[in-house]
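> the following block contains a protein sequence and its predicted model.
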Amino acid sequence: MNAVIFAGPSLPPAFRSDDPSLDWRPPVKQGEVYEAALGRPAIIGIIDGYFEVTPTVWHKEILWAMAQGIHVYGSASIGALRAAELYPFGMNGVGRIFAAYRDGSLTDDDEVAVLHGPEELGYPVLTEAMVNIRATLDKAVAEGALDAGLAARLTEIGKDLFYKERSWDAILQFGTRRRLRRTPLDALAVWLRRGRVNQKRIDALEMIAAIRSHLAAGVNPLSVSYHFQATGYHRVAANQLL
């Protein structure tokens, strides 16, 4: 039994398990879950995926994969989004980010979006995901490094930034421009050297652990409650991959 895992900057190669039952693939594009499902893996795991300039993984191909008896997991990034949308149909969501989308406390796609470098360089992250900013500020408040009011203001600043410009340096600079108190901002900058939370990576690792446990226990084919409708659009898209 094996699992196909689509991952990129949320879980770069340096953080991946060398378990031979895991088939690691780059961030998913539209059609690639369908293509992976043709190989009949026991499980497909979706962490990262492309969007904006590349068609995003399609809900229909995930539904088709599950209708073939393949368990599909999602976490951390586009995987968390799709799992929140499709968990009523049997997709397995894992982690804090998935739970926030499922429960409606997060709704925007930009919460997980980042700018990153290529696979050849290990997907270096060039901006900060909003979900990581939220988790980091929550931790700062919990540890007494920041008061809740200032954390809320910094959250607003981060959210106002375009995802390709979102970074801690930019947030702190805008905080200074908006005349937020300088002393706690300076203290936060020091705290960030050790206190940052990479919630996307935490969730991705949690999903990988869940998949490995599932594989070790033995995987029975998934039984879904829906009848998959092979629409004309689905047939055209599928034929393009054959």
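That came through fine. Residues are numbered from 1 along each chain as shown.
> CA-only coordinates of the longest helix seen in the chain, as PDB, when you get a sec.
When the chain is parsed with DSSP state H, its longest helix is helix 199-217. Taking Å, rounded to 0.1, in the frame of the first residue of the first chain, the C-alpha atoms of helix 199-217 are listed here in PDB:
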ATOM      1  CA  GLN A 199       1.300  26.400  11.600                       C
ATOM      2  CA  LYS A 200       1.300  25.100   8.000                       C
ATOM      3  CA  ARG A 201       4.200  22.900   8.600                       C
ATOM      4  CA  ILE A 202       2.800  21.700  12.000                       C
ATOM      5  CA  ASP A 203      -0.500  20.700  10.200                       C
ATOM      6  CA  ALA A 204       1.300  19.100   7.300                       C
ATOM      7  CA  LEU A 205       3.400  16.900   9.600                       C
ATOM      8  CA  GLU A 206       0.300  16.000  11.500                       C
ATOM      9  CA  MET A 207      -1.300  14.800   8.300                       C
ATOM     10  CA  ILE A 208       1.700  12.800   7.300                       C
ATOM     11  CA  ALA A 209       1.600  11.100  10.700                       C
ATOM     12  CA  ALA A 210      -2.100  10.300  10.200                       C
ATOM     13  CA  ILE A 211      -1.500   8.900   6.800                       C
ATOM     14  CA  ARG A 212       1.400   6.700   7.900                       C
ATOM     15  CA  SER A 213      -0.700   5.400  10.800                       C
ATOM     16  CA  HIS A 214      -3.500   4.600   8.400                       C
ATOM     17  CA  LEU A 215      -1.200   2.700   6.100                       C
ATOM     18  CA  ALA A 216       0.300   0.800   8.900                       C
ATOM     19  CA  ALA A 217      -3.100  -0.300  10.200                       C
END
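> list the contacts of the residue nearest the centre of the chain.
The centre of the chain sits closest to Ser77, judged by CA atoms, centre = their mean, with a distance of 1.3 Å. Contact partners of Ser77, counting by CB atoms under 8 Å, 6 or more residues apart in numbering, are Ser10, Ile47, Asp48, Gly49, Ile97, Val112, Ala129, Lys200, Ala204. Glycine gets a C-beta too; all of them are placed from N, C-alpha and C.
> go on, Tyr101?
Tyr101 sits next to Ala80, Leu81, Ala83, Ala84, Glu85, Thr107 when contact means CB under 8 Å, 6+ apart.
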